[in-house]
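Participant: give me a 3D structure for the following:
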Amino acid sequence: MPRRFPIATSFALILAPLSPLLACASRGPTPVVSPPAVPAVASAPPTVVAASPGGTAPARPAASAAPSSATSSPPVPRPPVPAPASAFAAIKTDAAWAACLPARKPVSRAVAADLSTTAAACAAATHMKPVGAPIVGKQADRDPAQSFPLEARAGHCYRAFAQAGEGIADLHLVVRDSAGIEVAHDDSDRAGPVTPEDGAVCFQKDDHASVVVSVGMGSGAFAVQVWQD
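Facilitator: Numbering: from 1, shown residues only. As a prediction, this is how the structure comes out:
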């Protein structure tokens, strides 16, 4: 007669070999761990530069600068500052006075006589007479200007003349009032004769004015004389 085991013992004997399999089944499948995803970097498309006919590739265009918020405008030139007006004298002009000046060459040893001849040629047009004899001096372009006093009287007009001798290519003549304001000057760039060509200086007040002589180019003798109406 075969040996019989209790029912519980029979099930234990049947399930014993299957216990490892049941244990794995109870835990479920082993999860598969994937490596972390690496984000893809978008690469810029390559720049294709066409070669020039000469074989040299043109340079890539530079990035344009950002537009400026402020628009620059060219500077506006300032108007010239007008010369101050004299409180003592003013210019009186007459076109006929310019025509009386002869074109003369400088004479080295006779500047005083040459100046007297020049001024006398304008006497008929200006109705003036000399105030004293011509003053003779020497000057070079590197020397400071020389000033000669003019005792002006109210109600009278004055005209200064100057003549350069040999060696001076450019002589300048200026009339200033006692405040140092320029009232008249010659407009020429010659040796002589020089004078405010079409005008005289007329004084409304008595003034200690001055006649200023300077040399722009060269050196030598000069003569200066004032005439009055």
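Participant: grab the longest strand from the protein for me.
Facilitator: Counting residues, the longest strand in the chain under DSSP state E turns out to be strand 207-228.
Participant: endpoints of stretch 117-125, how far apart?
Facilitator: Start and end residues of stretch 117-125 are separated by 14 Å (CA to CA, to the nearest Å).
Participant: got it, and stretch 118-133?
Facilitator: OK, stretch 118-133 end separation, CA to CA: 14 Å.
Participant: and it, what's its mean pLDDT?
Facilitator: For stretch 118-133, mean pLDDT is 89.
Participant: likewise stretch 221-229?
Facilitator: pLDDT averaged over stretch 221-229 gives 93.
Participant: dump the residue contacts of Ala154.
Facilitator: By CB atoms under 8 Å, 6 or more residues apart in numbering, Ala154 lies in contact with 203-206. Heads up, the C-betas are built off the backbone N, CA and C, glycines and all.
Participant: confirm it sits in a strand?
Facilitator: No: under the criterion used here (DSSP: H, G, I helix; E, B strand; the rest coil), Ala154 is coil, not part of a strand.
Participant: just the buried residues out of the contacts of Ala154, in PyMOL syntax.
Facilitator: Buried members of the contacts of Ala154 can be picked out in PyMOL with the line below, counting by 16 or more other CB atoms under 10 Å:
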select buried, resi 203
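Participant: quick one on the thing from earlier: what lines up beside the longest strand of the chain in the sheet?
Facilitator: Counting by DSSP bridges, the strands paired with strand 207-228 are strand 129-130 (antiparallel), strand 135-140 (antiparallel), strand 146-152 (antiparallel), strand 157-164 (antiparallel), strand 168-176 (antiparallel).
Participant: looking at the contacts of Ala154, which is nearest Glu151?
Facilitator: Asp206 (8.1 Å; CB to CB).
Participant: got phi/psi on the closest residue to the closest one other than its chain neighbours?
Facilitator: Excluding the flanking residues, the one nearest Asp206 by CB to CB, 6 or more residues apart in numbering is Ala154, at 5.2 Å. With angles defined as degrees, to the nearest 10, Ala154 sits at phi -60, psi 140.
Participant: any idea how far Ala113 is from Ala154?
Facilitator: Between Ala154 and Ala113 the distance is 33 Å, computed by CB to CB, to the nearest Å.
Participant: for Leu150, same thing?
Facilitator: Taken as CB to CB, the span from Leu150 to Ala113 is 22 Å.
Participant: more neighbours: which of these two?
Facilitator: Leu150 (21 against 13; other CB atoms under 10 Å).
Participant: measure the more buried one to Ser178 for me?
Facilitator: 10 Å.
Participant: find the residues that touch each one of those two.
Facilitator: In contact with both Leu150 and Ser178: 208-210, using CB under 8 Å, 6+ apart.
Participant: make a ChimeraX selection of the buried ones in those.
Facilitator: The buried subset of the shared contacts of Leu150 and Ser178, as determined by 16+ other CB under 10 Å, is captured in ChimeraX by this line:
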select :209,210
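Participant: would a markdown table of the shared contacts of Leu150 and Ser178 with pLDDT and distance to Leu173 be doable?
Facilitator: What follows is the shared contacts of Leu150 and Ser178, written out as a markdown table (pLDDT from 0 to 100; distance: CB to CB, whole Å):
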| residue | pLDDT | distance to Leu173 |
| --- | --- | --- |
| His208 | 96 | 18 |
| Ala209 | 96 | 13 |
| Ser210 | 95 | 11 |
